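Peer 1: can you look at this prediction? I've put the sequence above it.
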Amino acid sequence: MSVNILWADDEIDLLRPHVLFLEEKGYAVDTVNNGLDAVEQAAKQDYDIIFLDENMPGLSGLETLERIKDAHPMVPVVMITKSEEEHIMEEAIGGKISDYLIKPVNPNQILLSLKKNLETRRLVSEKTTSSYQREFRQLGMRLGDRLNSGDWMQLYDELVKWELQLSGSEDQGMAEILRAQWNEANDLFSRFVAEHYVDWVNGRGDDIPLQSHLLFREKVAPLIKEDGAPLYLVLIDNLRLDQWRTLEPILGQYFRVEEQGLFYSILPTATQYARNAIFAGMLPSEIEKRFPGKWISEDEEGSKNAHEEEFLLGQLQRLGKKVKASYHKITNLNAGRKLSERLDDLSGNA
């Protein structure tokens, strides 16, 4: 299918070689020499992308950009200009341009901008598929090795990476192959856990992974300072690695990630068991003994996680952490908003 381009420049006649170059590549190019004509032409016909000169008589490039974006917000617009002034760049970026090119431009710069704005998904999909095809055999060979707990975490990280990358791929065949590899990995990992789990929870052997009941002691407690410096622990229930990878770029706008890693949940992985183990720093059987009446069995009615604050404070005391602490449970959006309004107070555990 032909790609339709609108190019607006008051010196469009001088750009005729560029237009011919694009047409030879199979692109359909319409040209105008002022901003008003660009707005009118964009209203008459659907375009896949618009090239816009910043400095045109009459309606300026920035004014033209604003009108086009108001009428066609999803059409990518590439600003082409002689100006390198910072405020012009900032205004154009604020106007949601898709690319910014400085004159003089050569035909290959235009071609690259087209591919970047119109063909990125296809090109990334093809590259991802090709990369996974090369990696597939290596992953299969690793699945055949005798892996330890750290190897399994690394393999899981790799599979999640490919799952996320192939989720945007147009090649569904590769996605099916990855699903088959996931199934094989899940089967082998289940056998691995069944073989070693009893040793892990009893602290036997050299290959003992970080588990739910050890997480706070090993990863959080060392960060607790007794000089009053605040520390926030945010525990998100049932957060998988693929979900974290999706959230990471969003949180990265506000925070710098200094360390990240995986841990093994105790079994059962249900909230009643695993989350209580994190807060208490104990296995469920130990919680039941140390906090009689606080552990709610599966066949009993009532909240199974109603005593997490008590478990947390008890763990802090056992670890010798003489600090003020508060616990806040968010179960809905409104509760989250209310807590966010109190963040300044929480820095002193008010």
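Peer 2: Nice, thanks for sending it over.
Peer 1: next secondary structure after the helix or strand of the chain with the lowest mean pLDDT?
Peer 2: The weakest-scoring helix or strand in the chain, judged by mean pLDDT, DSSP states H and E, is helix 86-94 (a mean of 73). Next along the chain after helix 86-94, taking DSSP states H and E as the criterion, comes strand 99-102.
Peer 1: buried residues, the helix or strand following that next one. List them.
Peer 2: For strand 99-102, the following helix or strand on the C-terminal side (DSSP H and E) is helix 107-118. Buried residues in helix 107-118, counted by 16 or more other CB atoms under 10 Å: Pro107, Ile110, Ser113, Leu114, Leu118. No exception for glycine: its C-beta is placed from N, CA and C like everyone else's.
Peer 1: in what helix or strand does the residue nearest to Arg245 when sequence neighbours are not counted lie?
Peer 2: Of all residues not flanking Arg245 in the chain, Leu164 sits nearest, at 5.8 Å (CB to CB, 6 or more residues apart in numbering). Secondary structure assigned from DSSP H and E places Leu164 in helix 149-166.
Peer 1: then that helix to CSV, C-alphas only?
Peer 2: This file holds the C-alpha atoms of helix 149-166, laid out as CSV (Å, rounded to 0.1, in the frame of the first residue of the first chain):
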residue,chain,number,x,y,z
SER,A,149,18.1,-21.5,41.6
GLY,A,150,20.0,-18.6,40.2
ASP,A,151,20.1,-20.1,36.7
TRP,A,152,16.3,-20.4,36.8
MET,A,153,15.9,-16.8,37.7
GLN,A,154,18.1,-15.7,34.9
LEU,A,155,16.2,-17.9,32.4
TYR,A,156,12.9,-16.6,33.7
ASP,A,157,14.2,-13.0,33.1
GLU,A,158,15.1,-14.0,29.6
LEU,A,159,11.8,-15.5,28.8
VAL,A,160,9.9,-12.5,30.1
LYS,A,161,12.1,-10.2,28.0
TRP,A,162,11.2,-12.2,24.8
GLU,A,163,7.5,-12.4,25.8
LEU,A,164,7.3,-8.6,26.1
GLN,A,165,9.3,-8.0,22.9
LEU,A,166,7.3,-10.5,20.8
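Peer 1: could you list the buried residues of that helix?
Peer 2: Ser149, Trp152, Met153, Leu155, Tyr156, Leu159, Val160, Trp162, Glu163, Gln165, Leu166.
Peer 1: dump the residue contacts of the residue sitting nearest the centre point of the chain.
Peer 2: For the chain, the residue nearest the mean C-alpha position is Thr246 (2.5 Å; CA atoms, centre = their mean). Residues near Thr246 by CB atoms under 8 Å, 6 or more residues apart in numbering: Leu164.
Peer 1: any idea of the mean pLDDT for stretch 215-225?
Peer 2: For stretch 215-225, mean pLDDT is 94.
Peer 1: got the CA positions of it in PDB?
Peer 2: Taking C-alpha atoms only, stretch 215-225 is exported to PDB below (Å, rounded to 0.1, in the frame of the first residue of the first chain):
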ATOM      1  CA  LEU A 215      13.000 -11.000  51.900                       C
ATOM      2  CA  PHE A 216      12.500  -8.300  54.500                       C
ATOM      3  CA  ARG A 217      15.500  -9.400  56.600                       C
ATOM      4  CA  GLU A 218      17.800  -9.600  53.600                       C
ATOM      5  CA  LYS A 219      16.700  -6.700  51.400                       C
ATOM      6  CA  VAL A 220      14.800  -4.200  53.500                       C
ATOM      7  CA  ALA A 221      16.200  -4.300  57.000                       C
ATOM      8  CA  PRO A 222      19.800  -3.300  55.900                       C
ATOM      9  CA  LEU A 223      18.300  -0.100  54.400                       C
ATOM     10  CA  ILE A 224      16.600   0.900  57.700                       C
ATOM     11  CA  LYS A 225      18.600   3.700  59.400                       C
END
